[in-house]
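S.K.: Next one to model:
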Amino acid sequence: MIHKIWGFFIIVGIIFCLCTGKTDILNEEILGSAKSSLDMVVKIFPVMALWMGIMNIAKESGLLQKFSNLLSPILGKLFPEVPKSHESLSLIASNVVANMFGLGNAATPFGLKAMKSLQEINPKKDTASRSMITFLVLNTSGVTIIPTTIISLRMMYGSANPTEIVAACILATILSTCGGLIIDRILAKRR
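M.R.: As a prediction, this is how the structure comes out:
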């Protein structure tokens, strides 16, 4: 749906520029956007590669599993329908830890595997289970301790202190996660 909205905006913008005779502005924007997009990718890539490498080292060394084990008691309470030894809890914990470090790209494979694992224990295959909905809320609102993408964007645009937003990001993501989980529980009880 979103691609249709953006496609509509682009077409309307092009038609407007053609009708008003401002094709020079259209050409400048197309070329300028391509250049700034490439610059952004080139500047963000090293930061993302660094954190993805750190996450891979943490995974291979067992550190990610230790973080997952620390989260297991909390996840056991959030997902009471999931058996304690089920692999989905470990995948959910890995997803949460990756999101905590601002690595949405690294968290995605864990999230997809966790959903697939939760679907295997779902009694109604055509409807999202209680655990699947809770995981979606947890993943979407995820607590972020190190917002790597935001920090790298601030560095790219020359911020004097690109890490000054860390405390605000931590607070905002904690509040959004708590709010999302509270609403999730209220709606679950209403069923």
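S.K.: State the number of residues packed around residue 108.
M.R.: For residue 108, the neighbour count with other Cβ atoms under 10 Å is 14. (C-beta placed from N, C-alpha, C; glycine too.)
S.K.: where does the residue of the chain most remote from its centre land on pLDDT?
M.R.: Distance to the chain centre peaks in the chain at residue 21, reaching 41.0 Å (criterion: Cα atoms, centre = their mean). Predicted confidence (pLDDT) for residue 21: 86.
S.K.: go on, residue 51?
M.R.: pLDDT at residue 51 comes out at 69.
S.K.: Can you tell me the SS state at the residue nearest to residue 95 when sequence neighbours are not counted?
M.R.: Of all residues not flanking residue 95 in the chain, residue 110 sits nearest, at 3.9 Å (Cβ to Cβ, 6 or more residues apart in numbering). Here residue 110 takes the helix state, with states given by DSSP: H, G, I helix; E, B strand; the rest coil.
S.K.: Residue 110 contacts residue 94, correct?
M.R.: Yes. At 4.3 Å, residue 110 and residue 94 qualify as touching, with contact defined as Cβ atoms under 8 Å.
S.K.: Beyond the helix or strand hosting residue 152, next helix or strand please.
M.R.: According to DSSP states H and E, residue 152 maps onto helix 148-156. Per DSSP H and E, the first helix or strand lying C-terminal to helix 148-156 is helix 166-190.
S.K.: Now do the buried residues in that following helix.
M.R.: Residues of helix 166-190 classed as buried: 166, 169-170, 173, 176-177, 180, 184 (neighbour count, 16 or more other Cβ atoms under 10 Å).
S.K.: And for stretch 119-126?
M.R.: residue 122.
S.K.: quick one: average confidence on that stretch?
M.R.: 89.
S.K.: Extract the CA atoms of that stretch and return them as PDB.
M.R.: The C-alpha coordinates for stretch 119-126 follow below in PDB (Å, rounded to 0.1, in the frame of the first residue of the first chain):
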ATOM      1  CA  GLN A 119       3.400 -20.400  13.900                       C
ATOM      2  CA  GLU A 120       4.500 -24.000  14.300                       C
ATOM      3  CA  ILE A 121       2.900 -24.100  17.800                       C
ATOM      4  CA  ASN A 122      -0.100 -22.000  16.800                       C
ATOM      5  CA  PRO A 123      -3.300 -24.100  17.000                       C
ATOM      6  CA  LYS A 124      -5.200 -21.800  14.500                       C
ATOM      7  CA  LYS A 125      -2.900 -21.600  11.500                       C
ATOM      8  CA  ASP A 126      -5.000 -18.900   9.800                       C
END
